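Visitor: predicted model and sequence follow; I will ask about them next.
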Amino acid sequence: MNELPNITNNIALNFINSQLFRNGKLIELIDSLSSLENWTEQPLMDDLEYNTQLSIFNTCLECTDSLDDIIELRDKLYLLLTAISRQEEEISTLQKVIEDSLLAHPIRLVFVDTIPLYVPVDSGVAGIKCLIHFSLAKLVESGDINKLSSCANKDCPLLFINQTGRRKWCSMKICGNRHKVERFENKHKKHINWIKQEQE
């Protein structure tokens, strides 16, 4: 089972980052409801809010019997966020999408002891839409949406928050180290070719 890369601490971005490019092919990581359920059971260390959202997402999945609407949501948001990262689309477009979605699929506040939690009013796909759009609203509120970037690997579809402005890769594990290995191998080949030429 392919696991989602989870390269951010935003549940919407990690959900959207659910395709990878491998061996010349785009690999779908959400290939079943069970793969999505498996993702919701991968908490982040020391991130209570994120892990709570994952738990709520898991609960919404219990009332879902089809992936079609979930994949459609993912694909639409991926296209929009990619366009925003390339400055081909305004953030105000995303804000309108969030407003319309949360109007149709509202969220409510509940207290667990003294901790306020935001929980979708609806369950199933409607609850998932609410949760994802609320998570995107957090990106807008924090200003992190302005730091949204695409990976320097032109084949990589992953998006990430470029906090420093200097980050090039979605992650070192997925693309950064691969680039370093390829660069080393190319230099090594050039060196070997130069030696051969000198010996001729």
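Guide: Sure thing, it's come through. Bear in mind the structure is a predicted one, so any value in this text is a computation, not a measurement.
Visitor: E41 against N58, yeah?
Guide: Yes. Contact criterion C-beta atoms under 8 Å: E41 and N58 qualify, at 7.0 Å. Where you see a C-beta, it was placed from the backbone N, CA and C, and this is true even at glycine.
Visitor: which of the two has more neighbours?
Guide: A count of neighbours by other C-beta atoms under 10 Å puts N58 above the other of E41 and N58, at 15 against 9.
Visitor: and that one, that's in a strand?
Guide: No. With DSSP: H, G, I helix; E, B strand; the rest coil as the criterion, N58 is located in helix rather than a strand.
Visitor: nearest residue to it in space, please, no chain neighbours.
Guide: Once flanking residues are discounted, N58 sits nearest to T40: 3.9 Å by C-beta to C-beta, 6 or more residues apart in numbering.
Visitor: could I get the pLDDT score of the one you found?
Guide: Note on T40: pLDDT of 95.
Visitor: and it, how many neighbours?
Guide: If we define neighbours as other C-beta under 10 Å, then T40 has 20 of them.
Visitor: which residues does it contact?
Guide: Contacts for T40 (C-beta atoms under 8 Å, 6 or more residues apart in numbering) come out as L54, S55, F57, N58, L61.
Visitor: in this protein, where is pLDDT below threshold?
Guide: 1, 176-200 (pLDDT under 70).
Visitor: and the residue nearest to S171 when sequence neighbours are not counted, what does it touch?
Guide: Excluding the flanking residues, the one nearest S171 by C-beta to C-beta, 6+ apart is I7, at 4.8 Å. Residues near I7 by C-beta under 8 Å, 6+ apart: N14, N17, L158, F160, C170, S171, I174.
Visitor: work out for me the element the fourth one sits within.
Guide: Read it as F160. strand 159-161 (DSSP states H and E).
Visitor: and for the helix or strand encompassing L79, what are the contacting residues?
Guide: Of the helices and strands defined by DSSP H and E, L79 is found in helix 68-85. The contact list for helix 68-85 (C-beta under 8 Å, 6+ apart) reads 12-13, 15-16, 18-19, 30, 36, 64, 89-91, 93-94, 97, 125, 128-129, 132, 136, 145, 148-150, 157, 159.
Visitor: ok so, going back, shared neighbours of E41 and N58, anything?
Guide: Joint contacts of E41 and N58 (C-beta under 8 Å, 6+ apart) do not exist.
Visitor: and the residue nearest to S171, which of the three is it?
Guide: coil.
Visitor: please apply the same query to Q95.
Guide: With three-state DSSP as the basis, Q95 sits in helix.
Visitor: wait, it touches V140, no?
Guide: Yes. Look at Q95 against V140 with C-beta under 8 Å: they come within range, at 6.1 Å.
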